[in-house]
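Engineer: sequence and computational prediction follow.
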Amino acid sequence: MKAAQANRQPIKAIAALTAGAACALLACAVHARSIEPASRAPAKQDPELLLIDIYKDLRASQLNEAQAKADALVQAYPNFRVGHLIRGDLLLMHTQPVTALGAGVPSSAPADRLKDLRDEARVRLQALTARPDAGKAPRSVLQLRSDQKHVIVVDAAQSRLYVYQNQNNGLKFVTDFYITQGKLGVNKLKEGDMKTPIGVYYITGRVAGRKLPDFYGASALRINYPNEWDRVQGRSGSGIFLHGTPSDSYSRPPLASDGCVVLTNADLKKLEGSVDIGKTPVVIADKLEFVNKSTWDEERGTATKLIDTWRNDISSMDHTRVLKNYSARFKSAMGEDLKTWFDKDMRSLVDVVGLSVKLSDVTLFRYPGRDDLLVSTFTMETLIGKNRSSLRKRQYWAREGKDWKIVFEGLI
């Protein structure tokens, strides 16, 4: 009788995991992924999918089935500590009610380690309910170059990394992964602050695992933090990577890195298939916003019009028209104000008779977490008579009242 009563208790464990929203969360998670019954060869399955399968069985009060799948999960992924935590609770459920995640852990276990495991289990499940609608796109990514096959976007609030494929008519969702971020969250300001940066970055290099300490896992993908905007804002630090986990761990808690974005080694290997060094953008946001295609097209059109107006004004040979595009608080990469920079870098170009300007390979991003900041990157081709030249430029546009103004411009 006691065992039978215990078998009716697993929903309480789910409630503890999801802070009182267990049934709704689980129902959404199952619907979101349309999960099939667990395979008997779990090593080939994503452990996150197996976790959801276990909770499906719990929701149906099928404790024995859930137990068998948990046993298979930890056998296939012996370093997946969340799997062991869940399995311990399932074993305890056979003899007594379980009202909190981690009840099967010995009382002597460190409280901070238990909290880390609970947090990881929670965000893994919650992320499935927050999976973006297939008809929506990340608001931050407005336009990519044709040779940029993918873009990576990170949602710190969900501890999730999303991969989108660049298509002619927009962005297509490809896959997503659980990630670890800085111990103290996001919005990096300086070296050693244990925070992950927020911004638009690019993957600039890869370091193979054999050249790294075991702490970094299978490999590491470097991003260009601090970028131009970070430096203008006085942000410092270096060595920010997307990297793997140590060999003795399958994954790490949501808040556990020194500022890097950390994936499991298996997920990092999958992600590397979508990465072109020097081309793939990485957008890191505190909380991602996803919009429908009509909103996305409208905002992309606004950004496109800004740089096209700037191009026409450059070709006009009218200094007044050109300068109207720039903010009074403009700063160059060298820290110069607008007048100093314009006289040195732009005046001679604008004074040329018969100048033709063409922009190509344009990328456009709305800066994450900011409604008032855009970043555009493009190749600027100038033609003067028979002389042709080409430069790669990046501009940051800030909204000032009803207008948009360039607050930074520099060569890449």
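Structural biologist: That came through fine. None of these values were measured; they are calculated from a predicted model. Residues are numbered from 1 along each chain as shown.

Engineer: what about residue 372, neighbour count?
Structural biologist: Other residues near residue 372 come to 11 when the count uses other CB atoms under 10 Å. To be clear about C-beta, it is placed using only N, CA and C from the backbone, and glycine gets the same treatment.

Engineer: check residue 235 too.
Structural biologist: When neighbours are counted by other CB under 10 Å, residue 235 registers 20.

Engineer: and it, what element?
Structural biologist: Under the criterion of DSSP states H and E, residue 235 resides outside all helices and strands.

Engineer: can you tell me how far the residue lying closest to it once chain neighbours are set aside is from residue 365?
Structural biologist: By the measure of CB to CB, 6 or more residues apart in numbering, the closest residue to residue 235 outside its immediate chain neighbours is residue 226, 5.1 Å from it. To residue 365, residue 226 is 16 Å away according to CB to CB, to the nearest Å.

Engineer: now residue 83
Structural biologist: Distance, residue 83 to residue 365, using CB to CB: 37 Å.

Engineer: likewise residue 144?
Structural biologist: Using CB to CB, residue 144 is found at 9 Å from residue 365.

Engineer: who touches both of the two?
Structural biologist: With contacts defined as CB atoms under 8 Å, 6 or more residues apart in numbering, the residues shared by residue 144 and residue 365 are residue 281.

Engineer: now the helices: where do they sit in the protein?
Structural biologist: 2-7, 10-17, 22-33, 47-59, 63-76, 81-93, 111-129, 228-232, 265-272, 293-315, 319-323, 338-341, 347-350 (DSSP state H).

Engineer: and those helices: which comes nearest residue 284?
Structural biologist: Evaluated over the helices of the chain, closeness to residue 284 peaks at helix 228-232, with 11.5 Å, by CB to CB.

Engineer: what comes up buried for the closest one?
Structural biologist: Neighbour-count burial for helix 228-232, counted by 16 or more other CB atoms under 10 Å, picks out 228, 229, 230, 232.

Engineer: nearest spatial neighbour of the third one, chain-adjacent residues omitted?
Structural biologist: It stands for residue 230. residue 199 (6.4 Å).

Engineer: my read is that that neighbour contacts residue 284, right?
Structural biologist: Yes - Residue 199 lies in contact with residue 284 (CB atoms under 8 Å); the separation is 6.2 Å.

Engineer: find residues that contact each of those two.
Structural biologist: Contacts common to residue 199 and residue 284, judged by CB under 8 Å, 6+ apart, are residue 368.

Engineer: circling back: would you turn the helices of the chain into a markdown table with distance to residue 151 and mean pLDDT?
Structural biologist: As requested, these are arranged in a markdown table below (distance: least, CB to CB, whole Å; pLDDT from 0 to 100):
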| stretch | distance to residue 151 | mean pLDDT |
| --- | --- | --- |
| helix 2-7 | 46 | 45 |
| helix 10-17 | 32 | 43 |
| helix 22-33 | 22 | 36 |
| helix 47-59 | 22 | 86 |
| helix 63-76 | 32 | 93 |
| helix 81-93 | 29 | 92 |
| helix 111-129 | 19 | 87 |
| helix 228-232 | 18 | 95 |
| helix 265-272 | 12 | 96 |
| helix 293-315 | 13 | 95 |
| helix 319-323 | 31 | 92 |
| helix 338-341 | 30 | 95 |
| helix 347-350 | 32 | 77 |
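
Engineer: I'd like the ones you listed as JSON lines, with distance to residue 412 appended.
Structural biologist: Listed next are these as JSON lines, based on distance: least, CB to CB, whole Å:
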{"stretch": "helix 2-7", "distance to residue 412": "62"}
{"stretch": "helix 10-17", "distance to residue 412": "46"}
{"stretch": "helix 22-33", "distance to residue 412": "39"}
{"stretch": "helix 47-59", "distance to residue 412": "38"}
{"stretch": "helix 63-76", "distance to residue 412": "45"}
{"stretch": "helix 81-93", "distance to residue 412": "42"}
{"stretch": "helix 111-129", "distance to residue 412": "34"}
{"stretch": "helix 228-232", "distance to residue 412": "9"}
{"stretch": "helix 265-272", "distance to residue 412": "24"}
{"stretch": "helix 293-315", "distance to residue 412": "15"}
{"stretch": "helix 319-323", "distance to residue 412": "21"}
{"stretch": "helix 338-341", "distance to residue 412": "16"}
{"stretch": "helix 347-350", "distance to residue 412": "17"}
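
Engineer: residue 196 contacts residue 285, doesn't it?
Structural biologist: No - judged on CB under 8 Å, residue 196 makes no contact with residue 285 at a distance of 10.4 Å.

Engineer: which of these two has more neighbours?
Structural biologist: Neighbours per residue, other CB under 10 Å: of residue 196 and residue 285, the larger number sits with residue 196, 28 against 23.

Engineer: now the more buried one, which residues is it bridged with?
Structural biologist: Beta-bridge pairing for residue 196 (DSSP bridges): residue 186.
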